[in-house]
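Participant: sequence? don't have it. structure:
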(Lines give C-alpha, C1' and ligand atoms only; values in the text may rest on other atoms or scores of the structure.)
Protein backbone atom coordinates (compact mmCIF):
# COMPACT_ATOMS: atom_id res chain seq x y z
CA UNK A 1 0.00 0.00 0.00
CA UNK A 2 2.83 2.38 0.84
CA UNK A 3 4.50 1.77 -2.55
CA UNK A 4 1.16 2.25 -4.30
CA UNK A 5 0.52 5.56 -2.54
CA UNK A 6 4.03 6.74 -3.41
CA UNK A 7 3.50 5.90 -7.11
CA UNK A 8 0.18 7.77 -7.05
CA UNK A 9 1.76 10.84 -5.48
CA UNK A 10 4.76 10.75 -7.83
CA UNK A 11 2.59 10.71 -10.95
CA UNK A 12 0.06 13.14 -9.50
CA UNK A 13 2.89 15.64 -9.09
CA UNK A 14 4.78 14.79 -12.29
CA UNK A 15 1.67 15.11 -14.47
CA UNK A 16 0.16 18.01 -12.53
CA UNK A 17 -3.08 16.13 -11.79
CA UNK A 18 -5.49 18.34 -9.89
CA UNK A 19 -7.45 16.30 -7.34
CA UNK A 20 -8.52 16.82 -3.74
CA UNK A 21 -6.83 13.60 -2.61
CA UNK A 22 -5.37 10.39 -4.00
CA UNK A 23 -8.58 8.59 -3.02
CA UNK A 24 -10.83 10.85 -5.12
CA UNK A 25 -12.75 8.97 -7.81
CA UNK A 26 -11.30 9.51 -11.28
CA UNK A 27 -14.82 9.93 -12.67
CA UNK A 28 -15.17 13.08 -10.55
CA UNK A 29 -12.11 14.75 -12.12
CA UNK A 30 -12.07 17.05 -15.16
CA UNK A 31 -11.58 15.47 -18.59
CA UNK A 32 -7.96 16.62 -18.78
CA UNK A 33 -7.14 15.18 -15.37
CA UNK A 34 -8.87 11.92 -16.30
CA UNK A 35 -6.66 11.71 -19.41
CA UNK A 36 -3.55 12.33 -17.30
CA UNK A 37 -4.60 9.54 -14.89
CA UNK A 38 -4.91 7.11 -17.81
CA UNK A 39 -1.43 8.10 -19.01
CA UNK A 40 -0.05 7.76 -15.47
CA UNK A 41 -1.42 4.21 -15.18
CA UNK A 42 0.45 3.20 -18.32
CA UNK A 43 3.62 5.07 -17.35
CA UNK A 44 3.72 3.16 -14.07
CA UNK A 45 4.45 0.04 -16.18
CA UNK A 46 7.59 1.75 -17.60
CA UNK A 47 6.66 1.19 -21.27
CA UNK A 48 9.07 1.50 -24.18
CA UNK A 49 6.20 2.13 -26.59
CA UNK A 50 3.00 3.96 -25.70
CA UNK A 51 -0.07 3.91 -27.96
CA UNK A 52 -2.31 6.93 -27.42
CA UNK A 53 -5.69 6.87 -29.16
CA UNK A 54 -7.25 10.36 -29.33
CA UNK A 55 -5.30 11.53 -26.25
CA UNK A 56 -6.76 15.05 -26.34
CA UNK A 57 -10.35 14.42 -27.40
CA UNK A 58 -12.86 16.30 -25.30
CA UNK A 59 -10.42 18.31 -23.19
CA UNK A 60 -9.78 22.04 -23.03
CA UNK A 61 -6.89 23.87 -24.67
CA UNK A 62 -4.87 24.13 -21.45
CA UNK A 63 -5.13 20.40 -20.76
CA UNK A 64 -4.19 19.68 -24.40
CA UNK A 65 -1.01 21.71 -23.97
CA UNK A 66 -0.18 19.74 -20.81
CA UNK A 67 -0.74 16.40 -22.60
CA UNK A 68 1.49 17.55 -25.48
CA UNK A 69 4.22 18.57 -23.01
CA UNK A 70 4.00 15.16 -21.32
CA UNK A 71 4.26 13.42 -24.70
CA UNK A 72 7.28 15.51 -25.70
CA UNK A 73 9.01 14.78 -22.39
CA UNK A 74 8.37 11.06 -22.77
CA UNK A 75 9.92 11.02 -26.25
CA UNK A 76 12.96 12.91 -24.90
CA UNK A 77 13.26 10.13 -22.30
CA UNK A 78 13.26 7.49 -25.06
CA UNK A 79 9.63 6.35 -25.00
CA UNK A 80 8.22 5.81 -28.50
CA UNK A 81 4.69 7.07 -28.97
CA UNK A 82 2.17 5.95 -31.55
CA UNK A 83 -0.56 8.56 -31.58
CA UNK A 84 -3.89 8.01 -33.26
CA UNK A 85 -5.90 11.16 -33.84
CA UNK A 86 -8.62 12.42 -36.13
CA UNK A 87 -7.27 15.98 -35.77
CA UNK A 88 -4.90 16.56 -38.67
CA UNK A 89 -3.17 19.67 -37.22
CA UNK A 90 -2.51 17.73 -34.00
CA UNK A 91 -0.95 14.86 -35.90
CA UNK A 92 1.19 17.17 -38.02
CA UNK A 93 2.46 19.16 -35.03
CA UNK A 94 3.19 16.21 -32.76
CA UNK A 95 4.67 13.69 -35.20
CA UNK A 96 8.03 12.85 -36.70
CA UNK A 97 6.38 10.48 -39.18
CA UNK A 98 2.79 9.90 -40.22
CA UNK A 99 1.36 6.61 -41.42
CA UNK A 100 -1.72 7.37 -43.51
CA UNK A 101 -4.40 4.69 -43.59
CA UNK A 102 -7.29 4.24 -45.98
CA UNK A 103 -9.81 1.43 -45.65
CA UNK A 104 -7.61 -0.30 -43.08
CA UNK A 105 -4.45 -0.27 -45.21
CA UNK A 106 -1.34 1.90 -44.96
CA UNK A 107 -1.26 4.04 -48.09
CA UNK A 108 1.75 6.19 -47.20
CA UNK A 109 4.38 6.79 -44.56
CA UNK A 110 5.37 10.44 -44.62
CA UNK A 111 8.39 12.14 -43.07
CA UNK A 112 8.14 15.58 -41.48
CA UNK A 113 9.26 17.38 -44.66
CA UNK A 114 6.35 15.74 -46.54
CA UNK A 115 3.67 16.90 -44.08
CA UNK A 116 0.95 19.07 -45.55
CA UNK A 117 -2.79 18.68 -45.47
CA UNK A 118 -3.11 18.17 -49.22
CA UNK A 119 -0.52 15.37 -49.30
CA UNK A 120 -2.04 13.59 -46.31
CA UNK A 121 -5.59 13.89 -47.64
CA UNK A 122 -4.47 12.65 -51.09
CA UNK A 123 -3.12 9.46 -49.51
CA UNK A 124 -6.13 9.04 -47.23
CA UNK A 125 -8.57 8.69 -50.13
CA UNK A 126 -6.53 6.11 -52.05
CA UNK A 127 -7.97 2.63 -52.07
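Facilitator: That came through fine. Values in this document were obtained by computation on a predicted structure and should not be read as measured data.
Participant: counting by contacts, list what the helix or strand of the chain with the lowest mean pLDDT packs against.
Facilitator: In the chain, no helix or strand scores lower on mean pLDDT, DSSP states H and E than helix 2-14, which sits at a mean of 77. Identification of packing neighbours for helix 2-14 by 3 or more Cβ pairs under 8 Å, 6 or more residues apart in numbering; DSSP states H and E yields helix 31-43. C-betas here are computed from N, CA, C, even on glycine.
Participant: what lies in contact with the lengthiest helix in the chain?
Facilitator: In the chain, with assignment by DSSP state H, the single longest helix is helix 61-76. Residues from elsewhere that reach helix 61-76 (Cβ atoms under 8 Å, 6 or more residues apart in numbering): 15-16, 30-33, 35-36, 39, 43, 50, 52, 55-56, 59, 81, 83, 93-94.
Participant: state the mean pLDDT of that helix.
Facilitator: Here helix 61-76 scores 90 as its mean pLDDT.
Participant: could I get the buried residue list for that helix?
Facilitator: Across helix 61-76, burial judged by 16 or more other Cβ atoms under 10 Å covers 63, 64, 66, 67, 70, 71, 74.
Participant: save these as a markdown table, and put in distance to residue 99 too.
Facilitator: As requested, these are arranged in a markdown table below (distance: Cβ to Cβ, whole Å):
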| residue | distance to residue 99 |
| --- | --- |
| 63 | 26 |
| 64 | 22 |
| 66 | 26 |
| 67 | 21 |
| 70 | 22 |
| 71 | 17 |
| 74 | 19 |
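Participant: from the residues you listed, pick the one nearest residue 118.
Facilitator: Ranked by distance to residue 118 (Cβ to Cβ), those are led by residue 64 at 24.8 Å.
Participant: how much space between that closest one and residue 90?
Facilitator: For residue 64, the distance to residue 90 (Cβ to Cβ, to the nearest Å) stands at 8 Å.
Participant: quick check: neighbours shared by those two?
Facilitator: Common contact partners of residue 64 and residue 90 (Cβ under 8 Å, 6+ apart): residue 56.
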